[in-house]
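got a predicted structure plus its sequence, pasted below:
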Amino acid sequence: MNKSILSIAALIIAVVLFLAINIVGGNAFRGARVDLTEGSLYTLSDGSRNIARKLPEPIRLTLYFSEKIANDVPSFKSYATRVKEMLTEYARSSGGKIDLAIVNPEPFSDTEDKAVAAGLVGVPTGRGSDRFYFGLVGVNSTDKQQVIPFFDPQKEGFLEYDITHMVYLLSDAPKKVVGVMTWLPLEGMPMNPMGGRGVPPWQIIEQMKELFEVKSVENAVKSIPADIGVLMVVHPKGISPETQYAIDQFVLRGGRLLLFVDPHCEKDLPPGMNPMQAMQVPKASDLPTLLNAWGVEMVPGKIAGDRDNAIAINAGAQNRPEPVPYIGYLRLDKKEVNATDPITGNLANIIIATAGVLKAKDGAATTFEPLIHTSKNSMMFDASSISFVPDFKGLLAKFESGGQELVLAGRITGRVKSAFPEGAPTKPGDEAGAAAATAAHLAESNDSINVVVVADCDMIADDFWIREQKLFGQVSLGYSKVSDNGDFAIGSLDNLGGSSDLMSLRARGGFARPFERVQQIQRDAEDKFLKKEQELQTRLRETEQKINELQQKRPDGQATALLTPEQQKQVDDFTKERIQTRKDLRDVQHQLRKDIEGLGTRLKAINIAAMPIVVGLVALGLSAYRLGRRKTDRMKSGARS
């Protein structure tokens, strides 16, 4: 009886201690967290924490979340937990500057009315007029408001960026002045009165205006305005010597420059020109005079091709697509960006379109640090070969790796001399202006220059980095990234302007885990397939040419549609060869599928069978170990007694 009472008492005490330890531990270590995920998905970046800590005055964040409705949708419920944890981390990092509220907008309530008035999107649930809300509203002390209309689980990778972007905009931090000099319609184009369609502004400009004070700089300026600290020059096609001199002096005086040049700018489409005419317009831009003075060159007339990072382009008909890797269109990941530079350290997904190749000049006094480059499985090809419609298969078939990385973007630092040692260039009729400019001429830089140069202008066009998200194809949820191109451009401006807080988290969105082994198998098979296909087409052209030559030499005057025995034999031989080659091509495709399916089968076997077996064996081993210990303990007890 006493033993039973003691056992019950011990059990009660154990339960009480268990609850007490959990309660005390939960309160004492509420802020203690260990993030073991790859990439630290649940840890705020340094930039996010800095922005939260540096808030000049409090802001209020209100998360509207329909809790009851989400209980029926596990994916939204789990994502909501993720969002709440992230917002709690922001509030904790702010030291009390962020006031976080989480509310449940019940149908037909004042809370729902406030959510709708703020601009949140209510998703129909199919239950009458009930709607599901899952968005964030931020307000600062001056009633400035920012809204995330709806948290899409498919955009979970960009959660930190979206929230930090909101907090940054609510902080009302002084904006840096960025000048933009461009030969492309970044600011859009108005509607043509004669019926032509207008061009909307590029999203890169729209996002720049949220973070910086953006000022347009005319293409023919003779000096850069004094209030501009960072200048962005895009596609300087046909730039005048006077404007080049203005940029030269701006950089020498300590101004920071982000320069986009391009050997083949696909977005260089003159308005009102038909597509055939536009193909014949030169699309190259460069600044050889300035770049040479800064110790760098863009290889003339060459485009970077990369086999490992080529993007598949449809080379077939619309009803029969045939994806072919286009070595001029590249999707680059962390392996092809500089992990040590603050501009590119966190980037994970860059899309490049027909980019040039940058090189440091021999004997240059400056330092040229690559920021973005190709893989070593790369080569240069002529820009003239894609002046019209590119031959995707032909480029791939002619690919020969140079075995070295090609630089697509880089940073130039160091002291330099002026590209205009004689002073301002003289323009006929403006000798007085040139003399005035020369009077204030700088022959060399006051300090180390800081220039970021990119050999591709297309990368900041909307097509290559952003997509508009619409709910049910109608309600706009804003834009989401498809690459980090915009982050690179805006991050470069932010970094050149002297701050890197927002930059440090801009690209924490690439969490895809590509099957690199599968991709390599597919690339090898594609190479083999396309080489055989090219050989077949070459033999076809050669045979047709020989047949035409034989027809022209016929002396009997018969109709050219009739074939001689010799010609017929050639056609028959080729037909047999073509049938065999097609069989070989089918074998290659079959082997490709077989290799990928075999790899998939092995992975499934490891995940489905091998891991449970390993766990089972470990469990059996522990069980055997415990049984052995108990047996040993009993034997020892028997020996003592």
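That came through, no problem. Values in this document were obtained by computation on a predicted structure and should not be read as measured data. Numbers count the residues shown, from 1 in each chain.

so what strands line up beside the strand of greatest length in the chain?
The single longest strand within the chain, with elements called by DSSP state E, is strand 323-332. The pairing partners recorded for strand 323-332 under DSSP bridges are strand 310-314 (antiparallel), strand 350-353 (antiparallel).

immediately after the last one, which helix or strand?
In this case it means strand 350-353. strand 358-360 (DSSP states H and E).

just the strands paired with strand 323-332: most buried one?
strand 350-353 (a mean of 24; mean count of other C-beta atoms under 10 Å). Every C-beta, even on glycine, is put in place using the N, C-alpha and C of the backbone.

could you export that strand as CSV, CA atoms only?
Extracted in CSV, the C-alpha atoms of strand 350-353 (Å, rounded to 0.1, in the frame of the first residue of the first chain):
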residue,chain,number,x,y,z
ILE,A,350,20.8,36.3,-62.4
ILE,A,351,19.4,36.3,-65.9
ILE,A,352,21.7,37.7,-68.7
ALA,A,353,20.8,38.2,-72.3
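
state the mean pLDDT of that strand.
Averaging pLDDT along strand 350-353 yields 96.

any regions of the stretch 101-250 of the chain where pLDDT drops low?
Within the stretch 101-250 of the chain, the stretches with pLDDT under 70 are 126-128, 157, 191-198.

residue 635 versus residue 147, what's the distance?
For residue 147, the distance to residue 635 (C-beta to C-beta, to the nearest Å) stands at 73 Å.

who has more neighbours out of those two?
residue 147 (17 against 10; other C-beta atoms under 10 Å).

part of a helix, is that one?
No - Residue 147 sits outside any helix when classified using DSSP: H, G, I helix; E, B strand; the rest coil, being strand.

the nearest residue to it once chain neighbours are set aside: how many residues sit nearby?
Of all residues not flanking residue 147 in the chain, residue 119 sits nearest, at 4.6 Å (C-beta to C-beta, 6 or more residues apart in numbering). Residues near residue 119, counting by other C-beta under 10 Å, number 13.

got it, and residue 105?
By the criterion of other C-beta under 10 Å, residue 105 has 24 neighbours.

go on, residue 468?
Neighbour number of residue 468 under other C-beta under 10 Å is 11.

that one bridge partners, please.
Residue 468 has these beta-bridge partners by DSSP bridges: residue 479.

would you map the strands across the stretch 101-250 of the chain?
All strands of the stretch 101-250 of the chain, identified by DSSP state E, counting those that start in this stretch, fall at 123-124, 131-132, 134-140, 145-148, 176-182, 212-216, 230-234.

from the ones you listed, which stretch is densest packed?
Ranked by mean neighbour count under mean count of other C-beta under 10 Å, those are led by strand 230-234, which reaches a mean of 25.

quick check: which helices or strands does that one pack against?
Applying 3 or more C-beta pairs under 8 Å, 6 or more residues apart in numbering; DSSP states H and E, one finds that strand 230-234 contacts strand 176-182, helix 241-252, strand 256-260, helix 485-496.

alpha carbons of the third one, as PDB, please.
To tie it back to what came earlier, the one meant is strand 256-260. This file holds the C-alpha atoms of strand 256-260, laid out as PDB (Å, rounded to 0.1, in the frame of the first residue of the first chain):
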ATOM      1  CA  ARG A 256      29.900  57.000 -58.100                       C
ATOM      2  CA  LEU A 257      28.900  55.400 -61.400                       C
ATOM      3  CA  LEU A 258      26.800  52.400 -62.400                       C
ATOM      4  CA  LEU A 259      27.300  51.900 -66.100                       C
ATOM      5  CA  PHE A 260      25.400  49.500 -68.400                       C
END
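
quick one, it and strand 230-234 angle?
Following axes from the mean of the first three to the mean of the last three C-alpha atoms, to 10 degrees, one obtains 10 degrees for the angle between strand 256-260 and strand 230-234.

and what of the first one?
Relative orientation of strand 176-182 versus strand 230-234 (the same axes, to 10 degrees): 20 degrees.

can you check the last one too?
With the same axes, to 10 degrees defining the directions, helix 485-496 sits at 150 degrees from strand 230-234.

in helix 485-496, what counts as buried?
Buried residues in helix 485-496, counted by 16 or more other C-beta atoms under 10 Å: 485, 486, 487, 488, 489, 490, 491, 492, 493, 494, 495, 496.

and stretch 181-188, by the same measure?
Buried residues in stretch 181-188, counting neighbours by 16+ other C-beta under 10 Å, are found at 181, 182, 183, 184, 185, 186.

how far off centre is that stretch?
The chain centroid and the centroid of stretch 181-188 are separated by 22 Å, computed with C-alpha atoms, centre = their mean, to the nearest Å.

quick one, helices of the stretch 151-300 of the chain?
Residue ranges of the helices in the stretch 151-300 of the chain, as given by DSSP state H, counting those that start in this stretch, are 159-170, 203-211, 241-252, 275-279, 288-293.

can you lay out the ones you listed as TSV showing mean neighbour count?
Shown next, in TSV, are the helices of the stretch 151-300 of the chain (neighbours: other C-beta atoms under 10 Å):
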stretch	mean neighbour count
helix 159-170	21
helix 203-211	18
helix 241-252	22
helix 275-279	10
helix 288-293	18
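
tabulate those in TSV, adding columns for distance to residue 423.
Listed next are the helices of the stretch 151-300 of the chain as TSV, based on distance: least, C-beta to C-beta, whole Å:
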stretch	distance to residue 423
helix 159-170	43
helix 203-211	34
helix 241-252	8
helix 275-279	39
helix 288-293	14
